[in-house]
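Novice: Could you look at this predicted model? Sequence included:
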Amino acid sequence: MLLMRIVHALAAVGLFLAPLPSADAFGPPPRSMVQQHAEDRLLGEFARFAALSDGTVGIAVRDLQTGETQSLNGDMLFPMASAYKVAVAGRILSLVDKGELRLDEELVLDPALASEGGIAWMFARPGATLPVERLLVLMLTRSDNNATDVLVARAGGPQAVSAFVAGLGVTGMRVDSDTAHLLYRAMGISPLSGSFRQNAEAARRADPSIRLRDMRDLPNEDFALDPRDTSTPVAMLDLLTAYESGRALSASSTEKLFSIMIACETGKARLAGMLPPGTILAHKTGSLNGIGNDVGVVRLPDGRMFAISVFVMKDSKGHVQRDRIIAEAARAAYDYFQFAPRRATS
């Protein structure tokens, strides 16, 4: 009888000393009330900012340390406009990593690729060239459409850019056009030949509403609903995450990409507009009729980083209001990740 009592006692001690099941055995740990309140407050702020537009707003943010993602309309498709150039840059730098392209390689400025603005004037100079790195800088810091389309052609065309993105496991983003043909679709025309300037001027003469839409910055509903050249806010985060994590590019190419994006000259009132002075932001904007976008990575004072993408479409209130929505969203996300309770690394 004593022996049996000892056996039972040892068994009880063994059960007491045995390791408890891990939290994963019961699913993810419940959110604390403080964290839940912080998340609800952030999403409430996103909804409040979205109400400032008469169009549609998509916002997605991600802690690049923990992977925590919060979004409003995060899985809705939005026209990327010039934000697609972030994908073009990745494809170009992947070719550099493969040894198929050099940053100092000179690319010919083919007159057939010239559109309007930026370095378009250079395309009229026979034999004019620019190095790949300079074209990347022009594309990402000034959003130069002409530099972009030279790079898109060298990248293998829009389909090659789209395949690069898909190869990273990013779904919900597609690249179907170079910038000139994207702008043709925004104008609602499909020219088969002729220069961009000739075609654009002819379209504006034939349909005065195109010029009026440009002057008043009004949306083109058909273009906004076209699935081509679109991304969800979360898909853009996935692409930025692939870059920042080092999964997409070599360390040197990743550094090159973000160093250029830090020098972005467009959209001063967007993501950067309400961030504390001195905040490091690597970003790329996109603008078109009734469309305002800004996507990038923000560094917090303690070195942590978060990715953010804000898309506004079908908006007729003007770029000032769209810029404010983007700036407000960025500041709300900054404060959330800066002050909300720390989450465990995923």
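Specialist: It's in. Every value quoted in this text rests on a predicted model; they were computed, and no experiment measured them.
Novice: Over to the residue nearest to Ser245 when sequence neighbours are not counted: give its phi and psi.
Specialist: Of all residues not flanking Ser245 in the chain, Leu64 sits nearest, at 7.7 Å (Cβ to Cβ, 6 or more residues apart in numbering). Yep, even glycine has a C-beta here, placed from its N, CA and C like the rest. Backbone geometry at Leu64, expressed as degrees, to the nearest 10, gives phi -80, psi 0.
Novice: shouldn't Leu64 be in contact with Ile308?
Specialist: No - using Cβ atoms under 8 Å, Leu64 is not in contact with Ile308; the gap is 10.5 Å.
Novice: Spit out the residues that contact the two alike.
Specialist: By the contact definition Cβ atoms under 8 Å, 6 or more residues apart in numbering, Leu64 and Ile308 are jointly contacted by Val297.
Novice: where does the chain have low pLDDT?
Specialist: 1-31, 341-346 (pLDDT under 70).
Novice: What ranges does it have for its helices?
Specialist: In the chain, the helices defined using DSSP state H lie at 2-17, 33-50, 85-97, 132-141, 145-155, 158-167, 179-187, 196-206, 208-216, 221-225, 233-245, 251-262, 319-339.
Novice: Please produce a markdown table containing those helices, extended by distance to Glu116 and mean neighbour count.
Specialist: Formatted as a markdown table, the helices of the chain follow (distance: least, Cβ to Cβ, whole Å; neighbours: other Cβ atoms under 10 Å):
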| stretch | distance to Glu116 | mean neighbour count |
| --- | --- | --- |
| helix 2-17 | 75 | 9 |
| helix 33-50 | 32 | 15 |
| helix 85-97 | 16 | 23 |
| helix 132-141 | 15 | 21 |
| helix 145-155 | 7 | 25 |
| helix 158-167 | 19 | 18 |
| helix 179-187 | 8 | 22 |
| helix 196-206 | 6 | 15 |
| helix 208-216 | 11 | 13 |
| helix 221-225 | 18 | 16 |
| helix 233-245 | 26 | 23 |
| helix 251-262 | 23 | 17 |
| helix 319-339 | 19 | 21 |
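Novice: Just put those helices in CSV and tack on distance to Pro111.
Specialist: Shown next, in CSV, are the helices of the chain (distance: least, Cβ to Cβ, whole Å):
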stretch, distance to Pro111
helix 2-17, 79
helix 33-50, 43
helix 85-97, 20
helix 132-141, 16
helix 145-155, 10
helix 158-167, 20
helix 179-187, 12
helix 196-206, 10
helix 208-216, 24
helix 221-225, 27
helix 233-245, 32
helix 251-262, 26
helix 319-339, 31
